[in-house]
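Q: Following is a predicted model, sequence given first.
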Amino acid sequence: MKQAEESTRLVVGPFNRVEGDLEVRLDVVEARVRAAFVNATLFRGIERILEGRTPMDALVIAPRICGICSVSQSHAAALALAGLMGVEPAANGRVATNLILATENLADHLTHFHLFFMPDFARPDYAAYPWHDHVVRRFAALRGTAARSILQTRALLLHIMGILAGRWPHTLAIQPGGVSRGVEAQECMRMLTVLSGVRAALEEGLFGAPLEEVAALTDVEDLERWRSTGPEGDLRLFLRIAHDLELAQSGRSYDRFLSYGAYPGGLSADDGQRLWPAGVFAQGRVGALDIATVAEDHATSYMTDRARPNAPFDGSTVPDLNNRQGYSWCKAPRLSGQPCETGALARQLMAGHPLARAMVAQGGGNVMSRVVARLVESARLVMTMEGWVRMLVPGQPWCNVADGVPDGRAIGMTEAARGALGHWVQVENGRIARYQIVAPTTWNFSPRDGAGIPGPLEHALEGAVVREGERTPLSVQHIVRSFDPCMACTVH
Amino acid sequence: MFNVIWLQSGGCGGCTMSLLCAESPDLLTTLRGAGIELLWHPSLSERTGAEALELFEDVLAGRVVLDALCMEGAVLRGPEGTGRFHTLAGTDVAMIEWVRRLCGVARHVVAVGSCAAYGGVTAAAPNILDACGLQYDGQYPGGALGAGFVARGGLPVINVAGCPTHPDWVTETLMLLARNMLDTAALDDFRRPRFYADQLVHHGCTRNEFYEYKASARHPSELGCMMEHMGCIGTQAHGDCNTRLWNGSGSCTRAGYACINCTDPEFEEPGHPFCQTPKIAGIPVGLPTDMPKAWFVALSSLAKAATPMRLAKNAVSDHQVVPPSCHPSKRR
C-alpha cells in the first residue's frame, strides 16, 4: 500500500430514517471507503432498569426498549418468563401472539421500504435517471404519493393490534401463558377484512401483482424478468433502480447469517415448532445454532468488563466513557467469535426460500438482496396471517394460568423485523438479578471486537463509493438503510 | 405555515411510531391540511447529516422561524452533568445542549410522551443516565429547562404525556397551537392538554358493569374488572383512551390488561408490581379519583353482595358464558 495515499475522514450524522441516532465515521481513500466506524451515540441502560424488579414487570419495561420492535421485545420477555415458569402458551394464545408479531413485522417492513429507504432515490443527485421523476412523485420524503398511501395501509393493518393487543406500540397483551384477550368469531371476520384491505393495497401499489406471484419468485432470472417485463408497481421500480445503480454489488458483508427462528407454533398451534427455523447460514449451507456461543465483546464500546467477551448470562452493562479504544455505546456480539448479519434475508435463507438462496448464491447479502428479501417476506406474511386467523378457535382458552416466577435463568429468543433478538434473564430471590438483551441491530451495527474485526455494517461499508464533494455519501446511506437499522434497540 | 422540528433523545421512538398510526386521514394529509410543515423529523425527512445541521443553524440564527420544537424522549444529563450519554450524531455536542439552544428560539416547546415530559421509563431507577423531562423531573417542576422556562410564545413546555402518546393527542395539540387556540388554561396541573387529560381511562371502559359489582378478573384473558386484583388504575388515570380508542377499536383495558397510568409523572415507579393491586386489609390502596374512601368501601361491599350471577361467572371466564337474559318488553 502506498504511503502517499491521502485519507480523508468524513463524519456522517445525524443519520436520519434509521430509528434513533447514528453516526458513521468514514476513512476515504481514492473515492472509496477504506474503513468505517459505526457509532451509536445514545445510551439507554434499560437492562439496568430491569434489574431488581419483580420478574413480571419485564412485560411492562421490555417493550419500551423500542417503539418500533415493541412487540418483539414483549415476546422475548414473555418467552424468557415462560421458560422460567415452565408454562406453555394456550394454542389460541400462540396463534394470536404470532398474528401480533407478524403485524408489527409487516408494518415495520412497509415503513422501512416506503418511508426510510426509497426516499433517497428521489434526491436531485439521481435526476439524470429515467425513473427519477416517477420516484419523486411516488417517494419524495413527506410528499410522495406512496408515503401517504402506505400510511393509510399501515394504519389499517395496525387495526389488528387494536383488536388483539389493545394498541401499538407498548401492549401488555403477550403473556407467558398466551394472550390477555380472547376474540370471538366476528372479530376474526374483522381481522380477515383488514387483511383483505392490506392485500389489495399491496397488490395494487407495491407489487402490481398477486402476493402469491411475489412469494413464488424462485431465482435471479425471475427478478430480471420482473424488471424488464413485469407488472408496473414499486417492486419493478425498485428493481430498475437497483439495476441502474448496481445495488446488488453494494454493501456485501460477511455472508454469515443468523436467525433465531420466527413464529413458534406457526405451523400448528399445538406445538412450538417455528414457522421459519433457527440457524446459521454460511457458505451456502445451513448450520445449527449453538446459542451458548453468543458473547458480547466490549473492547471498543463505552463499557467496562473489556477483558474478554462476556456470555450474556455473565454480562454487564456499566457505562464507561474512559475507554480509550471506545467509539460506540453498542456492544459487539459474536457467535463463536464471529460477527453475524441478521434480518429478513437471514430468516428467508433459513426458511429455504429459493429466491433468497439464489440471490445470496450469486451476490451474497447486499443492498438489493436485503430489500428484496423484505418484500418477499411481506408478501408471505400477509398470506400466512390469513391462514392464522382461520386457525383461531373462539371459545377455547387463550391464556394458560401460571402464578409466580421461580428463581432460575432462561433465554427468550425471537425475531424482530430486523432480525434475531434474545433476552437472557436470571431471577434470584424473586427479583431480576440480571437481564441482558442482544438486539438485531446490535449484531448488524456492532463495533469492532477485541481482535479488531469490524461489525457487519462496518465491513459492508468498506469499498463504498464516495463521489466528489459528497459529505453524506449516497452509497453509504443506501448500505446503512438496507439493514433496516433500529438504533433504539441497539443501545437499549 | 407552522414550522415544526422534531428531536429524539432518551426514548424508544414509540411516540413517532404511534404518530404514524394517525388515520382518517393519514398523518401527512392531516399536517398538510392544518398548515403544519415538518421542517425536520429524524424518521421522516430526506435531509441527513450536514443538511440537517445546516437547518438547525438557520433556525438558531433566526433565518428560519421555528413555531414548535417537538421533543421525544427524556433529556440525558449524565454522566456527571456532561450530557454525553447522548451526543447528537455528527456534532460531538451533547443533545441537552442542542435542546436548550433550540428551545431558546422556538415559539412553542412540546414534550411528546412521558419521557420528554417527566422522564418516564428512561428515568426509572436506578436512573444512571440522570434522565429527566424538559420541564419536570418526575412530578417536580424543574427538569432540563428549569421550572421558570417560558417559550417565546408565552407558554411553558406543553406535556403531551403518554407512553406512547395517542397520535391524535399530538396532532390536535399542534393544530390548536397553530391556530393560537391553546393557552395555559387549556393545560392541567401537570401541563397536559386538558382536551384529553381531563378524562379518565375509566370513562367508556367496557368492563364498567363488572366494576360496578366488583366482579373481578384474577388472570389474564378473563373478562372481569381488573382494579381489584390486576393492578388496573384506570379509575385514576388521566386519558381519553376508552372513548377515543387506539388503532381502530383498542385500548389497554379492552385488550385485557391493566391501565398502568402511563400519562402520569412517575408512572414507571408504581411501588408495587405493575399488574398486581396493592391492598390493605383486602381493600385496594388506590381509590377511584374523587371518591371518599368510606363510601367506596361501603358501596363495594354492597355491590359485591349484589353481584348478579351472570357477572360473577363471566368475570372469571375468557368469553361470555352467561349472556344477558332476554325479557319481552313490558306494555305501559
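A: Cool, got the structure. Numbering: from 1, shown residues only, chains lettered A, B, ... in the order given.

Q: Secondary structure element holding A:Arg137?
A: Element membership of A:Arg137, judged by DSSP states H and E, is helix A:132-139.

Q: helices or strands up against that helix?
A: Applying 3 or more CB pairs under 8 Å, 6 or more residues apart in numbering or on different chains; DSSP states H and E, one finds that helix A:132-139 contacts helix A:145-157, helix A:234-245. (C-beta placed from N, C-alpha, C; glycine too.)

Q: Helix or strand with the lowest mean pLDDT in chain B?
A: Here the helix or strand of chain B ranked lowest by mean pLDDT, DSSP states H and E is strand B:283-284, holding a mean of 86.

Q: List the strands paired with it, with their directions.
A: Taking DSSP bridges as the criterion, strand B:283-284 forms sheet pairs with strand B:279-280 (antiparallel).

Q: now the strand it pairs with: how far from the chain's centre is it?
A: Centre-to-centre, strand B:279-280 and its host chain are 27 Å apart (CA atoms, centre = their mean, to the nearest Å).

Q: What of stretch A:91-109?
A: With CA atoms, centre = their mean as the basis, stretch A:91-109 stands 15 Å off its chain's centre.

Q: Could I get the average pLDDT for that stretch?
A: Averaged across stretch A:91-109, the pLDDT comes to 98.

Q: Where does the stretch 1-150 of chain B get nearest to chain A, residue-wise?
A: Proximity of the stretch 1-150 of chain B to chain A (CB to the nearest CB) peaks at B:Gly14, 2.2 Å away.

Q: For the residue in chain A that chain B sits nearest to, the count of nearby residues, please.
A: Nearest residue of chain A to chain B (CB to the nearest CB) works out as A:Gly67 at 2.2 Å. As a burial measure, A:Gly67 scores 30 neighbours (other CB atoms under 10 Å in any protein chain shown).

Q: Distance of it relative to A:His170?
A: A:Gly67 sits 7 Å away from A:His170, going by CB to CB, to the nearest Å.

Q: Between these two, which contacts overlap?
A: Residues touching both A:Gly67 and A:His170 (CB atoms under 8 Å, 6 or more residues apart in numbering or on different chains) are B:Gly14, B:Pro164.

Q: And for residue 75, nearest residue in space, chain neighbours not counted?
A: Here I'm looking at chain A. Closest residue to A:His75 apart from its sequence neighbours, by CB to CB, 6 or more residues apart in numbering or on different chains: A:Thr414 at 4.6 Å.

Q: Hmm, no, I was thinking of chain B.
A: Sequence neighbours aside, B:Ala144 is the residue nearest to B:Val75 in space, at 3.9 Å (criterion: CB to CB, 6+ apart).

Q: for the one you found, what are its contacts?
A: Applying CB under 8 Å, 6+ apart, we find B:Ala144 in contact with B:Val75, B:Arg77, B:Ile96, B:Val99, B:Arg100, B:Cys132, B:Gly133, B:Leu134, B:Gln135.

Q: run the last query once more with 7 Å
A: Residues near B:Ala144 by CB atoms under 7 Å, 6 or more residues apart in numbering or on different chains: B:Val75, B:Ile96, B:Val99, B:Cys132, B:Leu134.

Q: so where's the chain uncertain?
A: Using chain A. A:1-5 (pLDDT under 70).

Q: not quite, I wanted chain B
A: Along chain B, segments meeting pLDDT under 70 span B:331-332.

Q: mind listing the strands for it?
A: Assignment of strands within chain B using DSSP state E yields the ranges B:2-8, B:36-40, B:68-72, B:75-76, B:87-88, B:93-94, B:108-112, B:131-132, B:136-137, B:140-141, B:158-160, B:279-280, B:283-284.

Q: what's the answer for the stretch 201-350 of chain A, then?
A: According to DSSP state E, counting those that start in this stretch, the stretch 201-350 of chain A carries its strands in the segments A:256-259, A:262-264, A:274-276, A:279-282, A:285-287, A:294-297, A:332-335, A:341-342.

Q: Centre of the chain to the first one, how far?
A: The chain centroid and the centroid of strand A:256-259 are separated by 12 Å under CA atoms, centre = their mean.

Q: Check the fifth one too.
A: The gap between the average C-alpha position of strand A:285-287 and the chain average comes to 21 Å, counting by CA atoms, centre = their mean.

Q: Contacts for stretch A:446-466, please.
A: With CB under 7 Å, 6+ apart as the test, stretch A:446-466 has contacts from A:28, A:31-38, A:250-254, A:297, A:299-301, A:327-328, A:330, A:332-334, A:339, A:341, A:443-445, A:473, A:475-476, A:479-480, A:483.

Q: buried set for it?
A: By 16 or more other CB atoms under 10 Å in any protein chain shown, the buried positions in stretch A:446-466 come out as A:446-450, A:453-464, A:466.
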